[in-house]
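Below are the sequence and a predicted model; questions follow.
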Amino acid sequence: MNRREAARAEESSTARAPLNYFNYFTEIEDTFIRRRGRHLLLSPMDWALIESWKEMGVPLHVALRGIERAFDSYEARPRHRSVKSLMYCQEEVEAQFAEWLESRRGASSPSGVDEGGAVEKGSVESAGGLPFPRAVIAAHLAECRDALMRAQEKRNELAGVDALSETLARASSRLEELAADFDAAARPDAEKLERSLTDLEALIDRALRESLPAEVVEEKRAEAEEQLRPYRARMERATYEQTLDNLLAKALRERAGVPRLSLFYL
């Protein structure tokens with residue numbers, strides 16, 4: 001049983017927890033698959049789009065409503081071609097987000113989510129504690145640290161001890177400290193841990209872009225642009241740029257063997 005299955009098994013043994021931002025990717029994936037009517041694995045581009053929504057601060061309930069309405073529209077006027085990508089829902093999700101932003105003018109931030117889409121203190125606690133079983137989070141941290149150490153060893157073999165290698169070493173050491181703090185805490189703070197993991201990911205992403213050969217970065221950027229080319233005309237500029245950036249970062253991480261640290265990827 002993988003971490004996601006373990007988390008779902010524990011959830012099913014009790015009342016379903018309210019949605020929170022640690023469910024962001026899973027809930028969007030599940031909703032898309034349910035409405036499509038048959039299982040279809042999301043593509044790397046779809047995952048990059050979800051990440052863009054998260055980083056833009058699109059609330060989970062707004063994203064889900066946009067997906068539902070996109071499929072309502074599709075079913076009202078059936079097409080010969082089936083929906084194969086989450087990109088089909090992109091315009092409706094962003095339209096719903098624009099309406100939500102307009103409705104929030106002058107209002108305080110939504111409960112549990114700050115203006116940047118991050119989890120606020122108390123939102124996880126109100127859901128009954130940690131967003132995933134404690135053992136699952138501890139295993140995730142240990143696996144990420146092992147993967148970072150392997151990535152560092154690989155980098156040392158290819159280029160010696162350079163800025164990227166040193167960054168991976170720092171990230172691995174910091175992850176070990178975070179895991180120790182999490183293990184020792186009587187009531188671990190998932191929000192605080194997530195912020196630290198996000199900071200580490202940003203540090204590694206910067207080091208990858210600065211340390212990898214320029215031709216490699218440009219090649220991966222060109223590949224990402226080609227993936228997005230059929231959708232560019234329909235995408236808002238900010239969403240396009242963010243999704244392109246996410247696809248590039250994903251490609252560079254995969255090339256270097258760097259894992260995703262955030263709890264969103266459990």
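All right, it came through fine. Just so we're clear, the structure is a prediction, and the values are computed from it rather than from any experiment.

Name the residue closest to the centre of the protein, please.
Centre of the chain computed as the mean C-alpha position; nearest residue by Cα atoms, centre = their mean is residue 51, 4.6 Å away.

Show me which helix runs longest in the protein.
Counting by DSSP state H, the longest helix found in the chain is helix 134-159.

would you put the C-alpha positions of stretch 215-225 in PDB?
Extracted in PDB, the C-alpha atoms of stretch 215-225 (Å, rounded to 0.1, in the frame of the first residue of the first chain):
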ATOM      1  CA  GLU A 215      21.600  24.400 -23.300                       C
ATOM      2  CA  VAL A 216      19.900  21.800 -21.100                       C
ATOM      3  CA  VAL A 217      17.600  24.400 -19.600                       C
ATOM      4  CA  GLU A 218      16.700  25.800 -23.000                       C
ATOM      5  CA  GLU A 219      16.100  22.400 -24.400                       C
ATOM      6  CA  LYS A 220      13.700  21.500 -21.500                       C
ATOM      7  CA  ARG A 221      12.000  24.900 -21.900                       C
ATOM      8  CA  ALA A 222      11.500  24.300 -25.600                       C
ATOM      9  CA  GLU A 223       9.900  20.900 -24.800                       C
ATOM     10  CA  ALA A 224       7.600  22.500 -22.300                       C
ATOM     11  CA  GLU A 225       6.600  25.200 -24.700                       C
END
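
need the contact list for the residue nearest to the centre of the chain.
For residue 51, the set of contacting residues under the criterion of Cβ atoms under 8 Å, 6 or more residues apart in numbering consists of 242, 243, 246. Bear in mind the C-beta positions are built from the backbone N, C-alpha and C, glycine included.

so which of those comes closest to residue 85?
Closest approach to residue 85 among these (Cβ to Cβ): residue 243, at 12.3 Å.

Grab the nearest non-local neighbour of the closest one.
Closest residue in space to residue 243, ignoring its immediate chain neighbours: residue 52 at 4.5 Å, by Cβ to Cβ, 6 or more residues apart in numbering.

can you tell me which residues contact the one you found?
If you count contacts by Cβ under 8 Å, 6+ apart, residue 52 has them with 239, 242, 243, 246.

before we move on, back to that, I'd like the next helix or strand past the longest helix of the chain.
Proceeding N to C from helix 134-159, the next assigned helix or strand is helix 163-184, under DSSP states H and E.

can you list the residues that contact whichever helix or strand comes after that next one?
Once the chain leaves helix 163-184, the next helix or strand it forms, by DSSP H and E, is helix 190-211. For helix 190-211, the external contacting residues (Cβ under 8 Å, 6+ apart) are 22, 118-121, 123-124, 130-131, 137, 159, 162-164, 167-168, 170-171, 174-175, 178, 182, 217, 249, 252-253, 256, 258, 260-264.

low-confidence ranges in the stretch 1-150 of the chain?
Applying pLDDT under 70 to the stretch 1-150 of the chain flags residues 1-21, 106-128.

Recalculate using a threshold of 80.
In the prediction, the stretch 1-150 of the chain carries residues with pLDDT under 80 at positions 1-22, 37-41, 78-81, 104-129.

next one: stretch 137-148 to chain centre, how far?
Relative to its chain's centre, stretch 137-148 lies at 17 Å (Cα atoms, centre = their mean, to the nearest Å).

Now, the contacts of residue 51 that are in helices?
In helices, defined here by DSSP H, the members of those are 242, 243, 246.

Out of those, give me the one that has the most neighbours.
residue 243 (28 neighbours; other Cβ atoms under 10 Å).

List the contacts of it.
By Cβ under 8 Å, 6+ apart, residue 243 lies in contact with 45, 48, 49, 51, 52, 228, 235.

What is the nearest of the residues you listed to residue 82?
Taking the contacts of residue 243 together and measuring to residue 82 by Cβ to Cβ, the closest member is residue 45, at 17.2 Å.

circling back: would you mind giving me the PyMOL syntax to select the buried ones in the contacts of helix 190-211?
PyMOL command restricting the contacts of helix 190-211 to the buried ones, with burial defined by 16 or more other Cβ atoms under 10 Å:
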select buried, resi 22+118+119+123+124+130+131+137+164+167+168+170+171+174+175+178+182+217+249+252+253+256+258+260+261+262+263+264
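
Many thanks, I have nothing further to ask.
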